[in-house]
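> what follows is a predicted structure for the sequence shown.
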Amino acid sequence: MVNFRLVATVAITSLIFLLGIFFGQYISYYHLSELKQTQEKLLYEMTGYELAYSILSEKNVCNLSFRDFIKERVELGQKLASLEERFGPESEEVKSLQERYHLYQLREYLFFKKLNKKCPTQVPLILYFYTNDCDKCDAQGRILDALYARNKSMNIYAIDYEVDNLALRSVKNLYEINTTPSVVINEKTYNRFLSFEELNNIYYGEAS
Amino acid sequence: MLPGLDFIGEPIIYVITFVTLLSAIYILFLFLEHRKNFSAPQPKVLPKISIIIPIYNGVKYIKSCLKSVKNLDYPKENLEIIVVDDGSTDNSYKEAKKFGGVKVLKKEHSGKAASVNHGLDLAKGEIIGVLDCDSTVERDALKKMVGYFEEKNVAAVVSGRKAKNSKGLLEKFQEIEYMLTLFFWKNYSFVKGLFITPGVLSLYKKKVVEKVGKFQDNVTEDLEIALRILGKNYDVRCALEASTHTQVPHKFKDLTRQRVRWNYGLLSNLKDYSFLFSRKYKELGLFILPSTLLINLLLVVFFTYIIVTFVFHLINNMYLIYLTGWETYLLNLLNYQFKLNLWKSEFFIFMMITIIFAFTLMIYALSNLKVKINLKTLFKYFVYLVSAGYLYFYFWIMTLYKFLRKDIKW
């Protein structure tokens, strides 16, 4: 003797749950594809700038404003971080997007290095290596954010140490990165956690 | 840094949302199906009723209690009032005797159940009522309750118990709680699922009480006898419109003691009556009793998880502050951009839907309990819903503590 009311209750609740799960998955994948599109767009813009660098004279390139471009790249990084939270760091899609994102960061880093050689105004460049499960990395990231908050003229690139890619391996070798957190400030490597005071001293000590 | 407990937290939250949604939809179904049956049936006959009022050191409230009972709109020749003094050390006996028009018995202190049974032996009515000495009844209460007995299988009728109006925060909390509980009980009563007959005026058919056995000395004898009645396949109804008011604990310590006693009573009685958890007892056994237990269990699990996570969070943050320094930590908090986080968007959807159902249920409850629905009321009930969980969790922790100490004095 099956009670209709109970069955209907369980059925409706289960239906709502299933619908919710499907809807949630749909939204997640929608944002994933949106992110991929944004990355493509960024790639074109980056290529555009590099091309401009080659074509135009040095003076003109130094006058170009890269602020919007950098802002968009930073937003991309944040969206990627929230996707990582949603799908988990082990997800294949997220991993491949992460890898691509890191390559953009490196490309941008090299671009600004070239710019610094040719242009009078220097952009301070900081490379920051982290892993997802290292104790002090979160703290180091926050300290770097605080540094940036005081002086927004610098570019900070956060690289996940564990992403495996030829370019990233080369960078790690070049700067002799063997631990996390590690920071490279204007070409000088610091293979340890830097407190806020230390970082300040190094950074402002370096500024010429 | 301590690990996050998200992998435990996620399934817990899903299960809780599922069970809550399940319960809300079930009650909603019950309500929608029976919404036309909410008013009390007109009694064709007015049988003889004996109201038993056990009293133990209740001199403060007995006068207003007796006054309200005397004021009942019911033929005097069919209403018998018996006060049983359970060996009070104050002037309860004297005050009751002074009142006149009521029979007053005195006995040695032996507990509420024994007192009621003592009165039962003397009672001449075919319907027995039990009324706590700190409660009052409305004039029309009996006439709104008696009609239910005309259905053959009905053995007990519960009144519309409300908390006495008071200014304190704790009392207001209980006021809301009693209202919502009453609505649930009314709905349960449609499917033989009302499993408690609180001592604030519940009526019983004398013949049935003598058949299933009189009141037993139990931590919560009002729960025990109702379970016994349901176990013998009788029915318990709810006279929502028969208003009665009872005193509720003012001090937090007293409230805790009361709730720990109720919790303990619930667990031990459900254990004794575990045979009720079967298909034989239809919705009572398949849903109402299991969901009552399950929701309390989930409550404890969920809040334990929240507290543990909070402590972990705190420790992690302290470590962070140690590494980064105060300035950096605060700076980061200020600069935190609100990410439109799509984290677990399906969970967000479940939450929203559950809230919508619960809200609908609450609106139905309030309108049927004749509570004015305005912004102030909604706010009060919202505050209750948000804070109740923490309080009940605390009471369960104290219950566990008392149990572990093997402290069985009440």
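Noted; the coordinates are in hand.
> the residue of chain A at minimum distance from chain B and B:T354, how far apart?
Chain A approaches chain B most closely through A:G24 (2.5 Å), counting by CB to the nearest CB. For glycine as for every other residue, the C-beta is placed from the backbone atoms N, C-alpha and C. Note on A:G24: its distance to B:T354, by CB to CB, to the nearest Å, is 15 Å.
> same thing with A:E75?
Taking CB to CB, one finds A:E75 at 33 Å from B:T354.
> which one's more surrounded, those two?
Legend: neighbour count by other CB atoms under 10 Å in any protein chain shown for A:E75 and B:T354, higher for B:T354 (22 against 13).
> skipping adjacent residues, who's closest to that one in space?
B:L21 (4.7 Å; CB to CB, 6 or more residues apart in numbering or on different chains).
> residues in contact with the one you found?
Taking CB atoms under 8 Å, 6 or more residues apart in numbering or on different chains, we find B:L21 in contact with A:13, A:16-17, B:350, B:353-354, B:357.
> 7 Å - rerun?
By CB atoms under 7 Å, 6 or more residues apart in numbering or on different chains, B:L21 lies in contact with A:13, A:16, B:353-354, B:357.
> could you do A:L32 as well?
Neighbouring residues of A:L32 by CB under 7 Å, 6+ apart: A:83, A:93.
> backbone dihedrals for B:S159, both of them.
B:S159 adopts backbone torsions of phi -90, psi 170, taken as degrees, to the nearest 10.
> hang on, it packs against B:A242?
Yes - using CB atoms under 7 Å, B:S159 makes contact with B:A242 at a distance of 4.5 Å.
> and the helices in chain A, which stretches?
Here chain A has its helices, by DSSP state H, at A:4-55, A:58-63, A:67-87, A:92-118, A:137-150, A:166-174, A:196-206.
> can you say which of those helices is packed in most?
Compared across those, helix A:137-150 shows the largest average neighbour count, a mean of 20 (mean count of other CB atoms under 10 Å in any protein chain shown).
> could you tell me the angle between that one and helix A:196-206?
Direction vectors for helix A:137-150 and helix A:196-206, defined by axes from the mean of the first three to the mean of the last three CA atoms, to 10 degrees, enclose an angle of 50 degrees.
> give me the residues contacting helix A:137-150.
By CB under 7 Å, 6+ apart, helix A:137-150 touches A:126, A:128, A:130-131, A:154, A:156, A:158, A:180-181, A:193-194, A:196, A:199, A:203, B:320, B:323-324, B:328, B:331-332, B:335.
> selecting buried members of these in ChimeraX, what would you type?
Of these, the buried ones can be selected in ChimeraX as follows, counting by 16 or more other CB atoms under 10 Å in any protein chain shown:
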select /A:126,128,130,154,156,158,180,181,193,194,196,199,203 /B:320,323,324,328,331,332
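> take the contacts of helix A:137-150 and keep only those in strands.
Counting by DSSP state E, the part of these found in strands is A:126, A:128, A:130, A:156, A:158.
> what's the farthest-apart pair in these?
Using CB to CB, the two most remote members of those are A:I126 and A:Y130, lying 12.5 Å apart.
> let me know the pLDDT of the residue nearest to B:T354.
Per-residue pLDDT puts B:L21 at 91.
> that's a helix at it, yeah?
Yes - assessed with DSSP: H, G, I helix; E, B strand; the rest coil, B:L21 lies in a helix.
> looking at B:S159 and B:A242, which is more packed in?
Taking neighbours as other CB under 10 Å, B:S159 and B:A242 compare with B:S159 leading, 30 against 24.
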